[in-house]
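Enquirer: Here is a sequence with its predicted model. Questions after.
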Amino acid sequence: MPSGPDSFVSDPKYRAEFEKARGLVLAHPGRWRVIYHYDADGIASASSMLRAFARLGYPAQATALGGVERERMDELLRATPGPVVVVDTGSNWLDLYPRHPHPVVVLDHHKYPEAPNPPDLPEHVAFVDPLDWGVDGMTEMCAATLTWLFTVFLDPVNWDNAPWGLSGAIGDRQHVGGFRGLNAKLVDEAVLRSQVVRRPGLALFGPTMGAALTGSIDPYVKGLSGRPEVVGTFLDQLGIDASRPPSSLSAEETQRLTKALRERLTQRKIPPEALSVFDQARWFLPSIGLDAEEVSNLQSAAGRARESGVGVAYGLGDPVAAQRCRAAEEGWRNGILKGLLRLENEGVNSMKHLQWFESPELTLAGTQAGMAILYLLDANRPVFVFSDDPGPTKVSGRGTFELIDRGLDLSVVCRKAALAVHGEGGGHRIAAGATIPHDARAGFLEEADRVVASQIGGRAEA
């Protein structure tokens with residue numbers, strides 16, 4: 001039988017943090033501002049939080065944050081004459097919230113410098129982070145599953161926020177190899193409540209098999225992705241009509257296609273987590289009629305098109321927003337493909353312990369780096385991508401689970417390298433980012449290379 005969330009984690013900090021946050025929300029029924037990160041995880045988190053506020057009868061407004069932007073957060077707090085919820089960001093700025101004269105609730109899963117021991121906070125500030133109760137925010141709980149869980153603490157009716165919990169988790173790639181830890185408990189509960197249906201299948205989405213494989217970025221198949229003429233020949237050799245929709249393939253045809261794609265990727269000796277895409281279950285969302293990864297892609301595309309509010313509106317059931325997300329998804333996918341094809345043709349810049357490249361596709365650069373290290377680049381060294389915004393430079397870093405096992409922690413790398421050039425950074429061990437001054441790339445790379453070497457023992461391999 002389905003159960004409540006109270007006993008999901010035994011650490012007493014689990015309930016204490018949620019109860020403090022719940023108490024602040026229920027005691028202040030006025031207008032709230034929801035501040036969220038503009039990626040799929042942040043958008044999905046905001047979707048769940050706004051729906052929960054609507055059910056409470058609370059008016060609310062949502063504001064996206066573009067990156068690691070302390071000054072912007074400070075400005076938003078000063079401009080908000082009421083309580084605030086911060087989702088999928090904010091743990092680096094715990095010193096700011098006590099100054100706000102109204103309640104502040106922070107729901108974040110990122111690593112902060114003193115984790116798992118947050119500073120003492122006043123009664124009007126609640127900080128909820130799974131790291132504090134022994135749950136890994138990189139692999140076992142994202143902001144969207146954290147926010148989904150918090151809304152259930154507010155009212156069990158919010159179990160139906162499951163689509164947005166899964167959407168955000170997939171956006172943060174916590175589904176790779178199957179959900180684990182607290183994420184898995186939440187998904188199991190959602191399955192019992194018929195909010196999610198597990199299905200076998202391959203993550204290829206599009207109107208036809210030809211379009212789906214040509215546009216595939218996860219997996220990105222070198223020599224096929226982005227090349228429609230080669231894809232047609234490849235499918236013809238497998239006896240699969242490129243004009244058929246992916247859903248029409250029989251079990252035998254799907255197995256044949258999966259085997260052929262796996263062989264191509266295995267020859268490239270890609271990291272094990274990339275190959276798991278062929279084995280893991282799919283998660284179908286009956287209330288939406290789509291695979292959870294499709295929903296994640298739609299919200300991610302809206303955010304990366306600088307229309308994060310459209311992604312949130314889609315999460316709240318707006319049909320016009322759904323159409324706009326679909327239009328954005330085509331540009332999102334094409335932009336990622338463009339960057340990966342460029343890397344495939346031109347390669348990257350190499351240092352002893354890391355590799356780096358530039359991307360003019362500012363909002364897509366992190367995704368390009370994440371896909372590139374799995375499917376194209378040397379997986380023995382983390383990769384950093386630089387994008388020049390009007391003003392500061394944005395940096396995204398990506399690693400692999402094997403590098404994490406060797407000691408890599410990109411949250412530390414980005415924070416230390418950014419501080420060395422008067423910027424700021426943070427994130428997760430496997431994926432992190434930074435904002436640095438426009439002319440500080442060389443200094444950032446020098447310090448990042450030094451920190452990576454210290455973490456992985458100077459054993460970066462050629």
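Expert: Nice, thanks for sending it over. Computed from a predicted structure; not experimentally measured. Residues are numbered from 1 along each chain as shown.

Enquirer: My reading is that Ser387 lies in a strand. Confirm?
Expert: Yes: assessed with DSSP: H, G, I helix; E, B strand; the rest coil, Ser387 lies in a strand.

Enquirer: which ones are touching it?
Expert: Glu358, Ser359, Pro360, Glu361, Leu362, Ala365, Thr393, Lys394, Val395, Ser396 (C-beta atoms under 8 Å, 6 or more residues apart in numbering). Placement of C-beta: from N, CA and C, glycine included.

Enquirer: can you do 6 Å?
Expert: The neighbours of Ser387, taking C-beta atoms under 6 Å, 6 or more residues apart in numbering as the test, are Ser359, Leu362, Ala365, Lys394.

Enquirer: same check, this time on Ile270
Expert: Tyr375.

Enquirer: Swap in 10 Å and give it another go.
Expert: Pro219, Tyr220, Lys222, Arg264, Ile373, Leu374, Tyr375, Leu376, Leu377, Ala379, Thr400 (C-beta atoms under 10 Å, 6 or more residues apart in numbering).

Enquirer: Repeat that for Gly399.
Expert: By C-beta under 10 Å, 6+ apart, the neighbours of Gly399 are 271, 354, 369-370, 373, 379, 381-383, 406, 408-410, 413, 428-432, 452, 456.

Enquirer: what ranges do the strands span in this protein?
Expert: With DSSP state E as the criterion, the chain has strands at 32-37, 60-65, 84-87, 104-107, 125-128, 197-199, 282-285, 290-291, 349-350, 355-358, 383-388, 393-398, 424-427, 431-436.

Enquirer: closest to Pro12 out of the ones you listed?
Expert: Nearest of these to Pro12, taken as C-beta to C-beta: strand 125-128 at 13.8 Å.

Enquirer: Give me the nearest residue to Ala372, chain neighbours excluded.
Expert: Leu343 (5.3 Å; C-beta to C-beta, 6 or more residues apart in numbering).

Enquirer: For Ala369, see how far away the one you found is.
Expert: Separation of Leu343 from Ala369 (C-beta to C-beta, to the nearest Å): 9 Å.

Enquirer: Neighbour count for those two, which is higher?
Expert: Set side by side, Leu343 and Ala369 show more neighbours around Ala369, with 29 against 22, by other C-beta atoms under 10 Å.

Enquirer: So that one sits against Ser359, correct?
Expert: Yes: counting by C-beta atoms under 10 Å, Ser359 is a contact partner of Ala369 at 7.9 Å.

Enquirer: Low-confidence regions, the stretch 51-200 of the chain specifically.
Expert: Counting by pLDDT under 70, the stretch 51-200 of the chain contains low-confidence residues at 67-68.

Enquirer: could you flag which of the contacts of Gly399 are buried?
Expert: 271, 354, 369-370, 373, 379, 381-383, 408-410, 413, 428-432, 452, 456 (16 or more other C-beta atoms under 10 Å).

Enquirer: Keep only those of these that are in helices.
Expert: Ala369, Gly370, Ile373, Leu410, Val413, Val452 (DSSP state H).

Enquirer: What ranges does the stretch 201-350 of the chain have for its helices?
Expert: 209-214, 228-237, 251-267, 272-275, 292-304, 308-315, 319-346 (DSSP state H, counting those that start in this stretch).

Enquirer: With Ala62 as the reference, name the closest of the ones you listed.
Expert: Closest of these to Ala62 is helix 308-315, at 5.6 Å (criterion: C-beta to C-beta).

Enquirer: send the alpha carbons of the closest one over as PDB?
Expert: Taking C-alpha atoms only, helix 308-315 is exported to PDB below (Å, rounded to 0.1, in the frame of the first residue of the first chain):
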ATOM      1  CA  SER A 308      11.800  29.500 -18.500                       C
ATOM      2  CA  GLY A 309       8.500  31.000 -17.600                       C
ATOM      3  CA  VAL A 310       7.000  29.200 -20.600                       C
ATOM      4  CA  GLY A 311       8.400  25.900 -19.200                       C
ATOM      5  CA  VAL A 312       6.800  26.600 -15.800                       C
ATOM      6  CA  ALA A 313       3.500  27.500 -17.500                       C
ATOM      7  CA  TYR A 314       3.700  24.200 -19.300                       C
ATOM      8  CA  GLY A 315       4.100  22.500 -15.900                       C
END
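
Enquirer: Give me the mean pLDDT for it.
Expert: The pLDDT scores in helix 308-315 average 96.

Enquirer: same check, this time on stretch 398-416
Expert: 95.

Enquirer: Also stretch 283-300?
Expert: Rounded mean pLDDT across stretch 283-300 is 95.

Enquirer: Report the distance from that stretch to the chain centre.
Expert: With C-alpha atoms, centre = their mean, to the nearest Å as the basis, stretch 283-300 stands 15 Å off its chain's centre.

Enquirer: most centrally placed residue in the chain?
Expert: Asp172 (2.3 Å; C-alpha atoms, centre = their mean).

Enquirer: now that one: how far from Gly137?
Expert: Taking C-beta to C-beta, one finds Asp172 at 9 Å from Gly137.

Enquirer: Now the common contact residues for these two.
Expert: Contacts common to Asp172 and Gly137, judged by C-beta under 10 Å, 6+ apart, are His109, Ala143, His428.

Enquirer: Roughly how far does Leu96 sit from Leu374?
Expert: Taken as C-beta to C-beta, the span from Leu96 to Leu374 is 35 Å.
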